[in-house]
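Q: fold the stuff below for me.
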Amino acid sequence: MAYRHCLKVLATILTATIPLAVPDISLAGDISLPRYSKDAQLAAFHSSLSTNFSKTEVIEDDPVTEVLSMYEVDVWDRIRKGFAIPDLENPLVGNHENYYLKNSAYFDRTTIRASRYLFHIVQELEKRGMPTELALLPFIESAFNPHARSSAKAEGMWQFIPSTGLHYDLAQSVFRDDRRCILSSTEAALNYLQNLYSMFGDWHLALAAYNWGEGSVGRAVRKNQATGKPIDFNAISSRMPAETRNYVPKLQAVKNLIAHPDRYDIQLPKIENQPYFVTIGKTRDIDVKVAAKLAELSIDDFRALNPQFGQYVITGGSDVNLLLPKENAEKFKENLANWKQPLSSWTAYQVTDTRETVESVAEKYHTTPDVIRHANHIPSQMVLKFGSTVLVPKLASSGSKNEKDISPEVSARGKIALERIGAPTRIVKVKVRKQDNLASIARRYKTSVDDLRSWNKLTSNTVASGTILKVHVPAKAAKARSPANRRIVSKKQKPVKATAQKSAKKQTVAAQGTKRTNKQKNV
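A: Below is the predicted model:
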């Protein structure tokens, strides 16, 4: 009894001294650190209480055992325990397992990147009673890169196209794209997946529909039903495009690797069973670089948690939140209290004329056209159309500290509409080859690297092999500049020698015809 009493005293000390990542409410001017729900935290640990202790006697209902078990289970264990989708028996699964094993560096990078987000995703899945395999879906969609952008204009970790994003209330403007927001896009993705499962009653078909579209999967199912064939994933996969046919097997391959890392000789990064980030309410505009500095994070690390905002400014509002690791949130609060400089050096300008040049806007705000183009991804030879909203530097004379913030209405609805000036152009799609870079492609198509970046919304000068780029070229020269079209033209062209021989033959026949006509006249 004395032993058990000592253990309970020790448990009380542990629970009092070991924090469960639950920050108290604290204020920092207009910024607050909301309380993270203790009930939600304890619910996160609920599934971990059955952890076994090797070579240690486990005492039932012992508080020390309960506290220690909370800290011994990581997020990977929670994911494994929540697996609920039947395994897919498909020969493509093995192919993808081998691919990930051969490309272990890629697999490792992705799991490390995922460590920021998995606790939150698993937490949301468990609240809804959904299979935890779905937490691995961003592995397939974006390699857990919240800045990922596809050639189909899908954005973010969950890869929403614009129309689907709007359907699930993901705001998209020049200042903010919630398809990249960790919290909003996760909520939207889980809503979408739940709806798809309600439609098909089968998680494999729901996942196929997430990639291919519910209409396409529905038609494939109806065709199989009409011919008396099965309607499971394997049965209708022959009707799917290659990407979808491989999509669900890829997820199954990742599931297998996560389920049995020892079997595949994989070392998964440790992901503690507690939130990676906390939420900070933000009601004032603030430059991205200032926010990162106050949080004592690098720009890349800050944007990895707050990817929905642009490169330059975070607009304020009652519904705007920043995500920061707990220790950095505390630093942010402290540094903000001592910050004496303006929080934001950018504002918004709306075009009220039928059209306006970038040079004209730059002159109004005492800056250069290049600054305006770069901040708003505006290519050269483009003018702004009526109603466009662009990001511009605040005027020093107006006093940046006192200038009004960008209004929530402008922040939520701001769009840019462009019109090309000069010669008409057409768009050519160019696939980046291994030896290509932006400079070489710009030289080949007689354009600039800045224009390539603007046309394709690239944030750096690096571009991966296989990426499809849009290039504007003069309309008359578009066909000639496309390598594919050059090859097609060359097939239609006949050898020069053969063409010359045919021309000579025509001239001989014409000459003979003239001679015959002259003879008839003489007769």
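Q: any idea which residue is closest to the centre of this protein?
A: residue 156 (2.0 Å; C-alpha atoms, centre = their mean).
Q: pretty sure it contacts residue 146?
A: Yes. Residue 156 lies in contact with residue 146 (C-beta atoms under 8 Å); the separation is 5.6 Å. For every residue, glycine as well, the C-beta is placed using N, CA and C.
Q: common neighbours of these two, please.
A: Counting by C-beta atoms under 8 Å, 6 or more residues apart in numbering, the residues touching both residue 156 and residue 146 are 180, 185, 307.
Q: so where's the stretch 401-523 of the chain shaky on pLDDT?
A: Confidence mapping of the stretch 401-523 of the chain against pLDDT under 70 gives the ranges 401-403, 422-423, 476-523.
Q: how about residue 92, what does it touch?
A: 245-246, 249.
Q: sorry, back to before: let's have the shared contacts of residue 156 and residue 146 in a markdown table, adding secondary structure, distance to residue 409 and neighbour count.
A: Formatted as a markdown table, these follow (DSSP: H, G, I helix; E, B strand; the rest coil; distance: C-beta to C-beta, whole Å; neighbours: other C-beta atoms under 10 Å):
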| residue | secondary structure | distance to residue 409 | neighbour count |
| --- | --- | --- | --- |
| 180 | coil | 21 | 27 |
| 185 | helix | 23 | 26 |
| 307 | coil | 23 | 21 |
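Q: run a quick neighbour tally on residue 300.
A: 9 (other C-beta atoms under 10 Å).
Q: and it, how close does it get to residue 111?
A: 18 Å (C-beta to C-beta, to the nearest Å).
Q: before we move on, what about residue 88?
A: Distance from residue 88 to residue 111, by C-beta to C-beta: 21 Å.
Q: so between those two, which is more surrounded?
A: Legend: neighbour count by other C-beta under 10 Å for residue 88 and residue 111, higher for residue 111 (24 against 19).
Q: over to that one. Which of the three states is it?
A: Three-state call for residue 111 (DSSP: H, G, I helix; E, B strand; the rest coil): helix.
Q: now do the strands in the stretch 301-450 of the chain.
A: Per DSSP state E, counting those that start in this stretch, the stretch 301-450 of the chain carries strands over the ranges 313-314, 321-324, 346-350, 355-356, 382-385, 389-393, 418-420, 425-431.
Q: ok, now the stretch 1-150 of the chain?
A: Secondary structure of the stretch 1-150 of the chain (DSSP E, counting those that start in this stretch): strands at 26-28, 31-33.
Q: the residue nearest to residue 455 when sequence neighbours are not counted: what secondary structure?
A: Among residues not flanking residue 455 along the chain, residue 470 sits closest, at 5.0 Å (C-beta to C-beta, 6 or more residues apart in numbering). The three-state label given to residue 470 by three-state DSSP is strand.
Q: residues of stretch 80-91 that come out buried?
A: 82, 85, 88, 90 (16 or more other C-beta atoms under 10 Å).
Q: for the residue nearest to residue 455, grab the count of nearby residues.
A: So residue 470, with other C-beta under 10 Å, has 13 neighbours.
Q: okay but it is in contact with residue 456, surely?
A: Yes. Using C-beta under 8 Å, residue 470 makes contact with residue 456 at a distance of 5.8 Å.
Q: going along the chain, name the helices of the stretch 351-500 of the chain.
A: Assigned by DSSP state H, counting those that start in this stretch, the helices in the stretch 351-500 of the chain fall at 358-364, 369-376, 408-413, 438-444, 449-456, 478-481, 483-492, 496-522.
Q: equivalent analysis for the stretch 151-300 of the chain, please.
A: In the stretch 151-300 of the chain, helices defined by DSSP H, counting those that start in this stretch lie at 162-167, 182-200, 203-212, 214-226, 233-236, 242-259, 288-295, 299-305, listed in chain order.
Q: what's in contact with the shortest one?
A: Residues outside helix 233-236 that contact it (C-beta under 8 Å, 6+ apart): 88-90, 202, 204-205, 208, 217, 220-221, 223-224, 229, 248.
Q: pull the CA atoms of stretch 336-348 into CSV?
A: Extracted in CSV, the C-alpha atoms of stretch 336-348 (Å, rounded to 0.1, in the frame of the first residue of the first chain):
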residue,chain,number,x,y,z
LEU,A,336,5.8,42.0,-30.5
ALA,A,337,5.5,43.8,-27.1
ASN,A,338,8.9,45.4,-27.7
TRP,A,339,8.5,46.0,-31.4
LYS,A,340,8.7,49.8,-32.2
GLN,A,341,8.6,49.8,-36.0
PRO,A,342,5.6,49.5,-38.4
LEU,A,343,4.3,46.0,-38.7
SER,A,344,3.5,46.3,-42.4
SER,A,345,5.1,48.1,-45.3
TRP,A,346,2.6,47.1,-48.0
THR,A,347,-0.9,48.2,-48.9
ALA,A,348,-3.5,47.6,-51.7
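Q: for that stretch, buried residues please.
A: For stretch 336-348, using 16+ other C-beta under 10 Å, the buried residues are 336, 342-348.
Q: and for stretch 361-375?
A: Quick answer for stretch 361-375 (16+ other C-beta under 10 Å): 361-362, 365, 369, 372-373, 375.
Q: likewise for stretch 304-312?
A: Judged by neighbour count (16+ other C-beta under 10 Å), stretch 304-312 contains these buried residues: 304-310, 312.
Q: just stretch 320-333 next, same as before
A: 320-326, 328-333.
Q: what of stretch 443-452?
A: Per 16+ other C-beta under 10 Å, stretch 443-452 contains these buried residues: 445, 447, 449-452.
Q: likewise for stretch 271-283?
A: 271, 273-283.
Q: and the end-to-end length of that stretch?
A: 32 Å (C-alpha to C-alpha, to the nearest Å).
Q: do stretch 124-137 as well
A: Start and end residues of stretch 124-137 are separated by 14 Å (C-alpha to C-alpha).
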